[in-house]
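Enquirer: my questions are about this predicted structure, shown below with the sequence.
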Amino acid sequence: MLSSSITTLTVILIVIFLFKEGLGVFDQKPVENGYIIAVNKANPLNEISSAQIKNLYDQKITRWNEIGGKPDSVFLFRMEDISNFYSEDQIGSNFENLPKCLSRVIDSIPNIIAFFPEKYLDKNFKGKQLEVEKITFSQFFTGKEWFPTAQPAAQLGVLPLILGTLWVSLGAILLALPLGLAAAVYMSEIADDRIRRVMKPLIELLAGIPSVVYGFFGLVIIVPLIQKTFELPVGETGLAGSIILGIMALPTIITISEDAMRNTPRAMKEASLALGASKWQTIYKVVVPYSISGISAGAILGIGRAIGETMAVLMVTGNAAVIPHSILAPVRTIPATIAAELGETSNGGLHYKALFALGCILFLITLFINLSVEYISNRKKHNQS
Amino acid sequence: MTKTKETKLARSKQLNQAIAFTIFRLLSYFIVAILFIILTFIIMKGVKVVNWNFITQMPEEGMTKGGIYPAIIGTLCLVAGSMIFAFPIGVLAAIYMNEYVKDGIAKRIIKQMTNNLAGIPSIVFGLFGMSLFVNKLHFGDSILAGSLTLGLLALPVVIRTTEEALKAVDNTFRQASLGLGATKWQTIRKVVLPISFPNIITGLILSIGRVSGETAPILFTVAAYFLPKLPTSIFDQAMALPYHLYVISTSGTNIEESRPIAYGTAMVLIIIVLIANLLANGLRKYFGNKVKMN
């Protein structure tokens, strides 16, 4: 009894742990703990978002009125700029006068924005500390930039990662579906038993090869091939990922659609043949329509495998977190991002939680895929009865 | 007039079929060809490196020389650990599901959850293992944490294959045993399990093949980049074959010079999977015939 509920228990535990950490990201400020953003007292701004901070420091926003301030130009100030204002002697060898100096600088420049560690905040600070907005749901999902470790403010927009994942998986399924369907038809309807008995274990073997070996193969064969064929600076592209993922999705598609086709009642096939249809006509007019729900289940599960695949994609796609514009550009997927970045994060920090939030997204996508497969195959059973 | 039309139609029908079937056959062979290209390429390159020393020596000089012994041992530990955890629980779960639970909503839910668990990407298992075993339960990066994570990943595979094996046992066996006055548990232990045993073992072997190649779940739960000593307890970090391959092919100190080692590691991994599949197929065939004869 207990043992049979362990899968249920595990799923529930996974949900709890994933979402507890993942949702924590919306509770955090995008500025690293222990750092503050401050402006001059005269600045009417009280709150600022992480995207605004980044645009300010990237000098994409150069005037305060663009974000609701006065029509002044923006004066950027970082900690190390203090040496332009005070000499080392004035700051003190142990930075003992640094808080006062910072306070004075911020007080004297009306259009300043400053970013410095909280420990150098003066007791009688004459500037104004800006409240940094928490990351919101919509910022997280529609943000176009993923720079989780950027200073002064981390940018956590998952749109490029989601699009990258879908992009690579879509490419994979476009490659794998025709091939897989052809093989499924061939194995279930055309090939004789002898060939089938050889091919079936081979397909299983294809499914058994570890993903890291696929990744390695892609890295040493497919990546250089793409680089040469298209004369690209790097071969690590979305296309390479799609090809490898396509190969990896093949066994899922083949096995499931072949099973579905073999379940076509013999009577239906024979009726078609008796009416004078050729074998090929029977296949595409009777067998395929009859097993279409099984075939779509196979295709959807194939997409699911592709979306969740980590290592192979990590090794061949180049991992650039930008919205993909062509299949020949590097992309980065959600699983690859988690695998590549989790090792560098501090436990419980913003970045860590953001990666767990990515895990949640991935979990929800695959759950949705599983449930829709279940729905499709259940619907078929109803139709039959 | 109509006759020639009919024969024409019949001929074009034949032609269509011939073309379609040829295309399907070629595409199927193409898939098999892909498999053979991958296998032969890696084995051809790997066979130059793999020898007795390669699998029994420590890595040397920034992993550009030497062997992969600690990675092999690490993978063995992980496989053993995950199976000790997943196999008994998975088999018990399958027995319970197949022999005791009646069809109904509870069974549907358990089935659905098992399917869901099987569909969860391996990297999510890695995240989960890290937050529960490594951080919450304070196992740290250890063989224990890695084994448990991999075990959870293998659970649905074990449950499914065992269920199939139990389903394959003809109901007349059960009825005969029950008719002779045996209890349900006796029937399971003395009749159902012995008959389905080979198929259950097949499932075990297949899950071993799966677990030994998984990388994403062990990234953050156990794997060490370079550790030129063997693990001494279940709380030690360990190297593992798939992670080793990943590291030396992407971010090693000297990628070019460690390429041969990468080919060797890939070949060892592939051979493990090959052996697991061959063994499973052999068992299936051998015992399949035997059960039929009985």
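Expert: Thanks, I have the structure now.

Enquirer: isn't residue A:39 right next to residue A:130, touching?
Expert: Yes: contact criterion CB atoms under 8 Å: residue A:39 and residue A:130 qualify, at 5.8 Å. Glycine gets a C-beta too; all of them are placed from N, C-alpha and C.

Enquirer: okay, the two: which has more neighbours?
Expert: Shown here are residue A:39 and residue A:130; by other CB atoms under 10 Å in any protein chain shown, residue A:39 has more neighbours (26 against 21).

Enquirer: quick one: residues contacting the more buried one.
Expert: By CB atoms under 8 Å, 6 or more residues apart in numbering or on different chains, residue A:39 lies in contact with A:45, A:106, A:112-114, A:127-128, A:130.

Enquirer: if any of the residues you listed are buried, put those into a PyMOL selection.
Expert: To isolate the buried members of those in PyMOL, using 16 or more other CB atoms under 10 Å in any protein chain shown:
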select buried, chain A and resi 45+106+112+113+114+127+128+130
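
Enquirer: residue of the stretch 151-294 of chain B closest to chain A, please.
Expert: Using CB to the nearest CB, the closest approach of the stretch 151-294 of chain B to chain A is made by residue B:213 at 2.5 Å.

Enquirer: on that earlier part again, among the contacts of residue A:39, which lie within strands?
Expert: A:112-114, A:128 (DSSP state E).

Enquirer: domain ranges for chain B?
Expert: B:1-47, B:56-293 (automatic domain parsing).

Enquirer: please disregard the earlier target; I meant chain A.
Expert: A:35-133, A:159-384.

Enquirer: go through these and pick out the most buried.
Expert: Of the domains of chain A, the one with the most neighbours on average (mean count of other CB atoms under 10 Å in any protein chain shown) is domain A:159-384, at a mean of 20.

Enquirer: ok, and the closest non-adjacent residue to the residue of the stretch 251-385 of chain A found nearest chain B?
Expert: At 2.6 Å from chain B, residue A:308 is the closest residue in the stretch 251-385 of chain A, using CB to the nearest CB. Spatially, and ignoring its direct neighbours in sequence, residue A:308 is nearest to residue B:121 (2.6 Å; CB to CB, 6 or more residues apart in numbering or on different chains).

Enquirer: and the strands in the chain?
Expert: In the absence of a named chain, this looks at chain A. A:35-39, A:47-48, A:75-78, A:112-117, A:128-129, A:131-132, A:146-147, A:155-156.

Enquirer: um, chain B though
Expert: Using DSSP E, strands in chain B cover B:59-60, B:65-66.

Enquirer: wait, which of those is closest to chain A?
Expert: When the strands of chain B are compared (using CB to the nearest CB), the closest one is strand B:59-60, at 17.3 Å.

Enquirer: what parts of the stretch 1-150 of chain A come near chain B?
Expert: The stretch 1-150 of chain A has residues A:1, A:3-8, A:10-11, A:13-14, A:17-18, A:21 near chain B, with proximity defined as CB under 8 Å from any CB of the partner chain.

Enquirer: give me the buried entries from the residues you listed.
Expert: A:3-8, A:10-11, A:14, A:17-18, A:21.

Enquirer: contacts only, for residue A:344.
Expert: A:149, A:351.

Enquirer: mind putting the domains of chain B into a markdown table with mean neighbour count and mean pLDDT?
Expert: Shown next, in a markdown table, are these (neighbours: other CB atoms under 10 Å in any protein chain shown; pLDDT from 0 to 100):
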| stretch | mean neighbour count | mean pLDDT |
| --- | --- | --- |
| domain B:1-47 | 14 | 86 |
| domain B:56-293 | 20 | 85 |
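
Enquirer: between the ones you listed, which gets nearest to residue A:263?
Expert: Go through these one by one with CB to CB and the one that ends up closest to residue A:263 is domain B:56-293, at 16.2 Å.

Enquirer: and the closest residue to residue B:67 other than its chain neighbours, its phi and psi?
Expert: Nearest residue to residue B:67 in three dimensions, chain neighbours excluded: residue B:57, at 3.3 Å (CB to CB, 6+ apart). Main-chain torsions, residue B:57, degrees, to the nearest 10: phi -110, psi 160.

Enquirer: please tell me how far residue A:170 sits from chain B.
Expert: Counting by CB to the nearest CB, to the nearest Å, the gap from residue A:170 to chain B is 17 Å.

Enquirer: what's the helix ranked longest in chain B packed up against?
Expert: Assignment by DSSP state H gives helix B:2-47 as the longest helix of chain B. Other helices and strands packing on helix B:2-47, by 3 or more CB pairs under 8 Å, 6 or more residues apart in numbering or on different chains; DSSP states H and E, are helix A:159-185, helix A:193-208, helix A:211-217, helix A:238-262, helix A:279-282, helix B:255-293.
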